[in-house]
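Novice: need a structure here:
(3 chains)
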Amino acid sequence: MALIEIENLSVIFNAKGREVRAVEGVSLSVEARESFGLVGESGSGKSTILRAICGLAPVSGGTIRLGGAPVARGKAFSRRVQMVFQDPYASLHPRHTLDRTLSEPLAIHGLGDADRRVMQALEDVGLPTSFRFRYPHQLSGGQRQRVAIARALMLEPEILLLDEPTSALDASVQAETLNLLSRLRDERGLTFLMVSHDLAVIDHMCDRVLVMQHGRAVEELSREALAGAQMKTAYARSLFEASADRMLG
Amino acid sequence: MTLLSVKNLRVTFDTEAGVVEAVRGVSFSLGRERLGIVGESGSGKTMTGRSVLRLIRPPGRIAADEMLFDGQDLMKLPEREMRALRGPRMAMVMQDPKYSLNPVMKVGAQLMEGLRQRDRVGRAEAHGKAVAALEAVQIRDPERVMEAYPHELSGGMGQRVMIAMMLIPNPDLLIADEPTSALDVTVQAEVLSILDGLVRDRGMGLIFISHDLRLVARFCDRVLVMYKGRVVEELAAQDLLHAKHPYTQGLLNCLPRIGGDRGPLPGLDRNAEWAR
Amino acid sequence: MTLTDWLRDPNPTSRRQAKLGQLWLGWLRLRRNPLAMAGLVIILLLLVLAAFAPWLATQDPITQNLQNRLMPPGTAGHWLGTDDFGRDIWSRIVFGARITLYIIALVAVTAPLIGMLVGTVAGYFGGWVDQVLMRITDIFLAFPRLILALALVAVLGPGIGNAVLAIALTAWPPYARVARAETLTVRHSDYIAAVRLQGAGAGRIIWGHIVPMCLPSVIIRVTLDMAGVILIAAGLGFLGLGAQPPLPEWGLMISAGRKYLFEQWWVATMPGLAIFIVSLGFNLLGDGLRDVLDPRSSGK
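Specialist: Presented below is the predicted three-dimensional model:
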């Protein structure tokens, strides 16, 4: 049984009386400890799927199941699923120190031993513990994204939703962040559902990838099919060809 | 023929923590070609581009031994003459059209504003020129776009409008600062081919600022690699993927590749020597 | 290690040190702004006046002496002159500082708190909660403040305590508007989404995450409103519904001096100057605080 099962999901926003169909009839399933990628251009609805899983976007149709049971949001949900956002400049509260940001989830869930856990979390993501009382504006983009990852892992979730976690970062910082994510995934047995527009990043991180366009699923590819350019649909192929300079060699 | 020649450009900021040097002694020259400037954030590439137009706000300061544009030393020009150069002779396209277009003005009015104000062109003629500019950037229904507000345009469309706006006065030098970073890959290709055509057909000089080495390698003629305010390497674009400098090599190596192995990506071991 | 080193340590070891270090940095930033410092000095002077009024006043502020009535400034023993009952204006201003502070303190605490609560709740929940709360706010805003305060005092009965209550009840709607506007800009931000995703309830999100973002604009608004608060208190006093004579309330003193404005200008002018200086102090301080309260404005 798959850990995440999404069946026929649609998300419809109501924008000024006009219906915007952000996601239409998308199905996917992710096994435990698997990494699944969603790729597509802006407006393809790939981020909306992540937000719908978390309850940040309305589910207008279809079902989302976690471990076989329909998704129930609340405190129990937040201990299973966490998210890392795209923009590390917007995802940390500008007036909270790292200490406050990282201890907030512990306070919400009544977990004790905050001092030790915060220090441990900083170490786990490779930040010096002396940063503990800094504010986000005193950190670089890469350091902020490390904090965001540390925050997502404070509650020890099994599923991590990654919304373009490295697209705002420089190449070398992207490499460090991807390495960090891979290491944490191996250490903690995490399941990743990752959104990116960069096929090379998806290929590096994910076992399978779903190509999306205009809110619909176009084609699902295994890692081998992606590397071997074995696409069946024209759109997936055009996306691949536009990324030709990201090929090995 | 050299269009722009910059010698020993320095940009410094006076901050509370002392003087910060954003650009430290950059020299380059540009003909009617595509010059790429690559580097990470904070490398000074944007500051270099902006200082050619002398668009650095206080507390930033520009200093250069020489900044010759078409025979005139830009460092010596008074601000009034500089303003006359910006637009008609040299123009700049920014990363995000959202912040560069006036949100409460129709695209057409913004396109025509310069023509009407600066060149005292009649309404009908300005309209015609604006439509022609939109057509030049391959916008299919220019009349509809003229009547649209910026928020009604997609990112790629907005960026094309920005390029069209910069091109109306037919400048000799265009500075494009990450013009395609906010765009999808397929749209990116179209915008690049538009810029490419302009350089070839109009004989324009282009400074293309980007963090994306692979893109610059594919698109430009010549590349400057910047690190901490200095140019660490200058080379022909086709040689970029075989760069000699360890920093450039490091930047290339740390990128993931489709079909590559999934082991840890090589990091970039920064060497204090590079910044010297 | 000296105290300033300990305060400026970029890597504090405890929450307390981090907090104090932050305060110290704020103080350093405020100190660099000469206008804000001027404002702070004025407010501190007001506090000193109020605290040491019995020692700083040269005469009793209430006792009348009709032989000395309407003496001009500079008269021996009455360097700011006397009013129509022969009371020393300087002494009355000094004691009036206490009343002014009392009014300001109460209004400054209650009105922004109510306003912020209403505004953030309305902005965060949206929908019908927003509709109901904001329409109530609009109703309050639709009345001229003085008229509304008058109506409230008329119901509650005259006196300075009720006047303060009435002012606070009429002063909150602008804060609610400001807080709601700020809330709308932050409620869809990623950091609010992140804390929602961690299972935080609405109360925690509003109090711990949204209110800190509203605070700077509200505080600035408060400091700018203080002059108006003093004047409304004075207006209520003038109409016999606020501070009652012979209390040395500044507004009351102005209205008493109104009759002599052309011949004995100092009677109304001196308390007017006091109001002017104190309002200026609050405005200057408010401007400086805006820079201090935004951690992003500090040196990077």
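Novice: Assign the closest residue to residue C:64 other than its chain neighbours to helix, strand or coil.
Specialist: For residue C:64, ignoring the flanking residues on the chain, the nearest one in space by Cβ to Cβ, 6 or more residues apart in numbering or on different chains is residue C:85 at 4.2 Å. To be clear about C-beta, it is placed using only N, CA and C from the backbone, and glycine gets the same treatment. What DSSP: H, G, I helix; E, B strand; the rest coil gives for residue C:85 is coil.
Novice: Contacts only, for residue C:85.
Specialist: Shown in contact with residue C:85 (Cβ atoms under 8 Å, 6 or more residues apart in numbering or on different chains): C:64, C:65, C:66, C:69, C:246.
Novice: Could you single out the nearest of these to chain A?
Specialist: residue C:246 (47.5 Å; Cβ to the nearest Cβ).
Novice: nearest residue to that closest one other than its sequence neighbours?
Specialist: Per Cβ to Cβ, 6+ apart, closest to residue C:246 is residue C:62, 5.1 Å.
Novice: dump the residue contacts of the one you found.
Specialist: C:87, C:246, C:248.
Novice: Model confidence for the residue nearest to residue C:64, exactly?
Specialist: Residue C:85 carries a pLDDT value of 85.
Novice: close enough to count as contact, residue A:109 and residue C:199?
Specialist: Yes. Residue A:109 lies in contact with residue C:199 (Cβ atoms under 8 Å); the separation is 6.6 Å.
Novice: which neighbours do these two share?
Specialist: Listed as contacting both residue A:109 and residue C:199 by Cβ under 8 Å, 6+ apart are A:75, A:78, A:79.
Novice: Of those residues, keep whichever come out buried.
Specialist: Neighbour-count burial (16 or more other Cβ atoms under 10 Å in any protein chain shown) is assigned, among those, to A:78, A:79.
Novice: of all the shared contacts of residue A:109 and residue C:199, which comes closest to chain B?
Specialist: Distance to chain B, by Cβ to the nearest Cβ, is smallest for residue A:79 among the shared contacts of residue A:109 and residue C:199, at 28.5 Å.
Novice: Low-confidence stretches in chain A?
Specialist: A:16, A:247-249 (pLDDT under 70).
Novice: how about the strands of it, start to end?
Specialist: Assigned by DSSP state E, the strands in chain A fall at A:4-15, A:18-30, A:35-40, A:61-66, A:69-70, A:81-84, A:159-163, A:191-196, A:208-213, A:216-222.
Novice: Tell me which of those lies nearest to chain C.
Specialist: Going by Cβ to the nearest Cβ, the one of the strands of chain A nearest chain C is strand A:81-84, 5.7 Å.
Novice: For the nearest residue to residue C:189 once chain neighbours are set aside, which residues are in contact?
Specialist: By the measure of Cβ to Cβ, 6+ apart, the closest residue to residue C:189 outside its immediate chain neighbours is residue A:90, 5.8 Å from it. If a contact means Cβ under 8 Å, 6+ apart, then residue A:90 has C:189, C:190, C:191 as its contacts.
Novice: The first one and residue A:94, how far apart?
Specialist: Right, the one you point to is residue C:189. Distance from residue C:189 to residue A:94, counting by Cβ to Cβ, to the nearest Å: 10 Å.
Novice: ok, now residue A:212?
Specialist: For residue A:212 relative to residue A:94 (Cβ to Cβ), the value is 32 Å.
Novice: Look at these two and report which has more neighbours.
Specialist: Per other Cβ atoms under 10 Å in any protein chain shown, whichever of residue A:212 and residue A:94 has more neighbours is residue A:212, with 27 against 17.
Novice: Beta-bridge partners for that one, please?
Specialist: For residue A:212, the beta-bridge partners under DSSP bridges are residue A:40, residue A:217.
Novice: right, and it touches residue A:40 too?
Specialist: Yes. Between residue A:212 and residue A:40 a contact is recorded at 3.7 Å, counting by Cβ under 8 Å.
Novice: Between these two, which contacts overlap?
Specialist: By Cβ under 8 Å, 6+ apart, residue A:212 and residue A:40 have these common neighbours: A:46, A:218.
Novice: Show me which residues of the stretch 151-276 of chain B are close to chain A?
Specialist: Taking Cβ under 8 Å from any Cβ of the partner chain, the part of the stretch 151-276 of chain B that reaches chain A is made up of B:154-155, B:184-189, B:211, B:213-215, B:217-218, B:250-251, B:254-260, B:262, B:264-268.
Novice: From those, which land in helices?
Specialist: Residues of these located in helices (DSSP state H): B:155, B:185-189, B:213-215, B:217-218, B:250-251.
Novice: Just the closest of the residues you listed to chain C, please.
Specialist: For those, the nearest to chain C is residue B:155 (19.6 Å; Cβ to the nearest Cβ).
Novice: and that closest one, how many neighbours?
Specialist: 18.
Novice: now swap in the one 5 residues further on and tell me
Specialist: Taking other Cβ under 10 Å as the neighbour definition, residue B:160 ends up with a count of 26.
Novice: who touches it in this structure?
Specialist: Counted by Cβ under 8 Å, 6+ apart, residue B:160 has contacts B:134, B:137, B:138, B:139, B:191, B:194.
Novice: pLDDT on the helix or strand hosting it, on average?
Specialist: Assigned by DSSP states H and E, residue B:160 belongs to helix B:155-167. Averaging pLDDT along helix B:155-167 yields 81.
Novice: same question, stretch B:102-121
Specialist: pLDDT averaged over stretch B:102-121 gives 82.
Novice: Can you tell me which of the contacts of residue B:160 lies closest to chain A?
Specialist: The closest of those, once distances to chain A are taken by Cβ to the nearest Cβ, is residue B:191, at 12.4 Å.
Novice: which other helices and strands contact the helix or strand containing the closest one?
Specialist: Assigned by DSSP H and E, residue B:191 belongs to helix B:185-202. Judged by 3 or more Cβ pairs under 8 Å, 6 or more residues apart in numbering or on different chains; DSSP states H and E, the packing partners of helix B:185-202 are helix A:234-242, strand B:34-38, helix B:155-167, strand B:173-177, strand B:205-210, helix B:213-219.
Novice: State the mean pLDDT of the last one.
Specialist: It refers to helix B:213-219. 86.
Novice: And the second one, by the same measure?
Specialist: Summarised as a single mean, pLDDT over strand B:34-38 is 92.
Novice: next one: stretch B:223-234
Specialist: 90.
Novice: got a list of contacts for that stretch?
Specialist: The contact list for stretch B:223-234, computed with Cβ under 8 Å, 6+ apart, reads B:11, B:21-28, B:35-40, B:42-45, B:48, B:216-217, B:222, B:235-237, B:240, B:243-245, B:247-248, B:251, B:274-276.
Novice: can you give me the end-to-end distance of stretch A:228-243?
Specialist: With Cα to Cα, to the nearest Å as the measure, stretch A:228-243 spans 14 Å from end to end.
Novice: didn't residue B:170 look like it was pressed against residue B:202?
Specialist: Yes. Between residue B:170 and residue B:202 there is a contact under Cβ under 8 Å: 6.9 Å.
Novice: Residue C:249 and residue C:96 touch, don't they?
Specialist: Yes. Using Cβ under 8 Å, residue C:249 is in contact with residue C:96, at 5.7 Å.
Novice: Thank you kindly, that will do.
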